[in-house]
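> predicted model and sequence follow; I will ask about them next.
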Amino acid sequence: MLHAEHVFKTFGRSRRQQGVRAVNDASIRVAPGDFIAIVGESGSGKSTLARILLGLIEPDAGSVTFNGTALSSLNKSEMRGFRTAVQCVLQDPSGSLNPRKTVRQSLTEVIRLHKIAVTSADVEAAAIEALFHVNLTPEPMFLDRYPHELSGGQRQRVLIARAIVLRPQIIIADEAVSALDASVKAGVLNLMNQLRREMGIGYALITHDLPVVKKVASYVYVMKSGAIVEEGTKEQIFANPQADYTKTLLAAAPDLDMALAGASATS
Ligand SMILES: Nc1ncnc2c1ncn2[C@@H]1O[C@H](COP(=O)(O)OP(=O)(O)OP(=O)(O)O)[C@@H](O)[C@H]1O
């Protein structure tokens with residue numbers, strides 16, 4: 001279980017400047033097998049909260065614990081274990097895949113770095129298994145491709161393969177499907193859900209895309225100005241929102257059922 005408790009983060013504070021309070025007393029939890037979503041408009045602090053959950057930045061106050069242990073108290077080798085168990089998947093246009101590396105190179109470098117396998121044959125087998133799990137088959141055909149030789153949905157699947165090759169407990173997915181067309185998006189979301197069921201992976205999906213939340217999340221946190229203004233099951237949030245901000249967000253969203261109709265196709 002990954003748990004952020006009452007975390008705060010302000011950027012650019014100095015004696016002269018107040019700074020930007022990016023995260024303001026946020027608490028969230030995600031366990032293996034969960035599919036939670038953190039929603040909010042641009043600038044609401046979602047990515048900063050994601051980076052805090054990943055242990056990439058330290059909160060000014062509050063704590064992040066993983067399986068009951070504070071990240072701040074982990075030693076180097078425990079931190080390595082955490083970085084294997086909690087993975088991040090970003091959207092591909094953010095340059096997460098190196099354009100000069102083949103799929104094989106992208107996968108095998110993390111397999112070696114995290115010592116998932118040692119011999120060349122085992123490393124290759126682990127890469128092939130990961131491609132199989134994300135339905136990029138026949139696997140050998142994809143191993144030698146460069147990112148520009150893949151579709152957007154296939155690139156996103158490679159990013160997921162690179163995360164699951166480490167057998168993570170939790171994946172933090174920051175706008176991981178936002179750039180994809182509706183049907184491709186649905187295919188990647190279905191895949192994420194399939195891996196949740198098969199491998200017990202828990203997801204924290206960070207997004208401003210409400211149709212996506214409605215399709216996959218079971219529990220939703222709504223963020224505004226760094227704070228969680230509302231949280232609840234998907235059914236509660238969509239059918240009976242309490243906070244004015246949630247009501248505004250829902251009202252401003254595209255027709256959810258129309259968007260979902262497009263997203264129910266598979267790719
Ligand atoms: N490294 C930083 N230095 C200074 N300010 C920052 C930094 N990172 C984020 N901020 C500010 O913190 C606030 C929250 O940003 P954050 O990226 O977490 O929001 P977000 O909800 O993820 O937005 P988006 O959906 O546009 O990515 C913004 O006002 C942003 O300008």
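Here it is on my side, so go on.

> I'd assumed Ile228 was in a strand, is it?
Yes. Checked against DSSP: H, G, I helix; E, B strand; the rest coil, Ile228 lies within a strand.

> give me every residue that touches it.
Asp25, Ala26, Ser27, Ile28, Tyr221, Val222 (C-beta atoms under 8 Å, 6 or more residues apart in numbering). Glycine gets a C-beta too; all of them are placed from N, C-alpha and C.

> so what strands line up beside the helix or strand hosting Ile206?
Using DSSP states H and E, Ile206 sits within strand 202-207. Paired strands of strand 202-207, with direction, are strand 35-39 (parallel), strand 170-174 (parallel) (DSSP bridges).

> before we move on, back to that, with secondary structure and pLDDT added, can I get the contacts of Ile228 in JSON lines?
Formatted as JSON lines, the contacts of Ile228 follow (DSSP: H, G, I helix; E, B strand; the rest coil; pLDDT from 0 to 100):
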{"residue": "Asp25", "secondary structure": "strand", "pLDDT": "97"}
{"residue": "Ala26", "secondary structure": "strand", "pLDDT": "97"}
{"residue": "Ser27", "secondary structure": "strand", "pLDDT": "97"}
{"residue": "Ile28", "secondary structure": "strand", "pLDDT": "97"}
{"residue": "Tyr221", "secondary structure": "strand", "pLDDT": "97"}
{"residue": "Val222", "secondary structure": "strand", "pLDDT": "96"}
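
> tell me the one among those residues nearest to the ligand.
Nearest to the ligand among the contacts of Ile228 is Ala26, at 10.7 Å by C-beta to the nearest ligand atom.

> quick check: the residue in the stretch 151-267 of the chain that the ligand sits nearest to vs Ala252, distance?
Nearest residue of the stretch 151-267 of the chain to the ligand: His208, at 5.8 Å (C-beta to the nearest ligand atom). To Ala252, His208 is 10 Å away according to C-beta to C-beta, to the nearest Å.

> the two - which one has more neighbours?
His208 (17 against 9; other C-beta atoms under 10 Å).

> give me the most central residue, this structure.
With distances taken as C-alpha atoms, centre = their mean, the residue of the chain nearest its centroid is Ala173 (1.1 Å).

> check contacts around it.
Taking C-beta under 8 Å, 6+ apart, we find Ala173 in contact with Cys88, Val89, Leu90, Met192, Tyr203, Ala204, Leu205, Ile206.

> can I get these in CSV with distance to Lys234, pLDDT and neighbour count?
Shown next, in CSV, are these (distance: C-beta to C-beta, whole Å; pLDDT from 0 to 100; neighbours: other C-beta atoms under 10 Å):
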residue, distance to Lys234, pLDDT, neighbour count
Cys88, 23, 90, 21
Val89, 21, 88, 24
Leu90, 23, 81, 19
Met192, 15, 92, 23
Tyr203, 13, 96, 26
Ala204, 14, 96, 29
Leu205, 12, 94, 27
Ile206, 16, 93, 24
